[in-house]
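S.K.: show me how the following folds:
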Amino acid sequence: QVQLLESGGGLVQAGGSLRLSCTVSGRTSSSSAMGWFRQAPGKEREFVAVIIGIGGSSYADSVKGRFTISRDNAENTMYLQMNSLKPEDTAVYYCVVRSRWYLSTSAKDYDYWGQGTQVTVSS
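M.R.: Next up, the predicted model:
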């Protein structure tokens, strides 16, 4: 059984920074694609960023240049560094892992989901 545990969410003012962490336990491969999705109140869940085992990554246009995804395979941990935060970044952020190595921006392609961590950006 794979379990994902997110941490690092909170309340921050616009322009500030937060770093989310996701620790993975259970049967996963260091080559598995890992990523982040988010869901704001009243909105659909949306892709944020993804990273594959060899380090390739992809970002949503809305966060490109502000967010950085990284992973530490030795520690089974993934990070999302969020800078220059905006009120529209307010959402519950979910850590995700898929069994395959290649990246996807579609939520349906991810096999495992964390419970989410709240990020609130005040104006």
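S.K.: quickly list what the most centrally placed residue in the chain is bridged to.
M.R.: What sits nearest the mean C-alpha location of the chain, by C-alpha atoms, centre = their mean, is residue 36, with 2.3 Å. Assessed by DSSP bridges, residue 36 has beta-bridge partners residue 49, residue 95.
S.K.: does it touch residue 46 like I think?
M.R.: No. The criterion here is C-beta atoms under 8 Å, and residue 36 misses it with residue 46 at 10.1 Å. C-betas here are computed from N, CA, C, even on glycine.
S.K.: and residue 37, how many neighbours?
M.R.: 24 (other C-beta atoms under 10 Å).
S.K.: can you tell me how far it sits from residue 74?
M.R.: 25 Å (C-beta to C-beta, to the nearest Å).
S.K.: for residue 26, same thing?
M.R.: Relative to residue 74, residue 26 is positioned 16 Å away (C-beta to C-beta).
S.K.: between those two, who's got more neighbours?
M.R.: More crowded of residue 26 and residue 74, by other C-beta under 10 Å: residue 26, with 11 against 7.
S.K.: pLDDT averaged over stretch 21-40 - what is it?
M.R.: The pLDDT scores in stretch 21-40 average 89.
S.K.: give the buried residues for it.
M.R.: Applying a neighbour-count criterion of 16 or more other C-beta atoms under 10 Å, one finds 21-24, 28, 32-38 buried in stretch 21-40.
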